[in-house]
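A.B. asks: quick one, what's the 3D model for this:
(one chain, ligands or ions: 1)
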Amino acid sequence: MPKPERHVFVCTQARPLGHPRSSCNQHGCAAVFDEFLWQLQQRNLFNRVQVTATGCLGPCSEGPSVLVYPDGVMYGGVSKEDVSELFDRHLQGGEPVERLKVAAEFWG
Ligand code: FES
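C.D. replies: Below is the predicted model:
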């Protein structure tokens, strides 16, 4: 397997309802993760981009959280509708999507 140019980690952490930290699961991360896998397949980028479901990345209140390496960019509040733009502009274009970055207080 070739080393990917970019590795996307999508938080799929769940917590019990009412938990003080909430979770990305409660913010709809499952649809976001599915869309990343769908777009990866449609764009046939298996040799360039890797997508991995992961546990908590930290900024739970800002979820769904998505982390991209090697750039070290943390996105928050990502929706299914944002995934195409993330592929076009960041994963393939190399430019992070500023409007989806979490604030520095969460990842800075
Ligand atoms: S639960 Fe997703 S960042 Fe914490």
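A.B. asks: how about the residues of this structure near the ligand?
C.D. replies: Where the chain comes near the ligand, counting by C-beta under 6 Å from any ligand atom, the residues are 11, 13, 23-24, 56-60, 63, 65. Using the backbone N, CA and C atoms, a C-beta is placed for each residue, glycine as well.
A.B. asks: take the residues you listed and lay them out in CSV including pLDDT.
C.D. replies: Listed next are those as CSV, based on pLDDT from 0 to 100:
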residue, pLDDT
11, 98
13, 98
23, 97
24, 97
56, 98
57, 98
58, 96
59, 96
60, 96
63, 94
65, 98
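A.B. asks: which of those count as buried?
C.D. replies: Buried members of these, counted by 16 or more other C-beta atoms under 10 Å: 11, 13, 23-24, 56-57, 59-60, 63, 65.
A.B. asks: next SSE downstream of the longest helix along the chain?
C.D. replies: With secondary structure taken from DSSP state H, the chain has its longest helix at helix 29-43. Using DSSP states H and E, the helix or strand that follows helix 29-43 in sequence is strand 49-54.
A.B. asks: next, the buried residues of that next one.
C.D. replies: 49-51, 54.
A.B. asks: contact partners of that strand?
C.D. replies: With contact meaning C-beta atoms under 8 Å, 6 or more residues apart in numbering, strand 49-54 is reached by 4-13, 33, 36-37, 40, 67, 87, 91.
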